[in-house]
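>>> I'd like to go over a predicted model; first the sequence, then the structure.
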Amino acid sequence: MQIPDKNVSQDMSDFRIFRTVFYYCIVIIALPVITFFASKVFLFDAVFGLSTIPSNVYSAISAIAVLHIALGFYIYRAYSDPAKESKQD
């Protein structure tokens, strides 16, 4: 039976952390932009029939709310990750 190299397990752990942070970066950047334009076009312009300025303001508020929710999920994920295992000799 071959013992796994510590460097390989450390590299996998670092990759997992990078993948998680990268995912949340994409979500934090893309989701508010998508929310702004989708809510403006489909909700505030089409359904409610608002003029340009109120439509932009309400869309911006929606995008800010989505941004804060995404940041909250990221912070929750960062604090809820299990602590690193203690070093065993």
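Looks like it came in fine. Residues are numbered from 1 along each chain as shown.
>>> mind checking pLDDT for the residue most central in space within the chain?
By CA atoms, centre = their mean, the mean C-alpha position of the chain lies nearest to residue 24, the distance being 3.3 Å. At residue 24, the model reports a pLDDT of 95.
>>> cool, and residue 11?
According to the per-residue confidence, residue 11 scores 77 in pLDDT.
>>> Give me the buried positions along the helix or strand in which it is found.
Here residue 11 is covered by helix 6-38, with elements defined by DSSP states H and E. By 16 or more other CB atoms under 10 Å, the buried positions in helix 6-38 come out as 24, 27, 32, 35-36. All C-beta spots, glycine's among them, are computed from the backbone N, C-alpha and C.
>>> how many other residues sit next to residue 62?
For residue 62, the count of nearby residues is 18 (other CB atoms under 10 Å).
>>> Point out the other helices and strands that the helix holding residue 11 packs with.
Other elements packing on helix 6-38 under the criterion 3 or more CB pairs under 8 Å, 6 or more residues apart in numbering; DSSP states H and E are helix 52-80.
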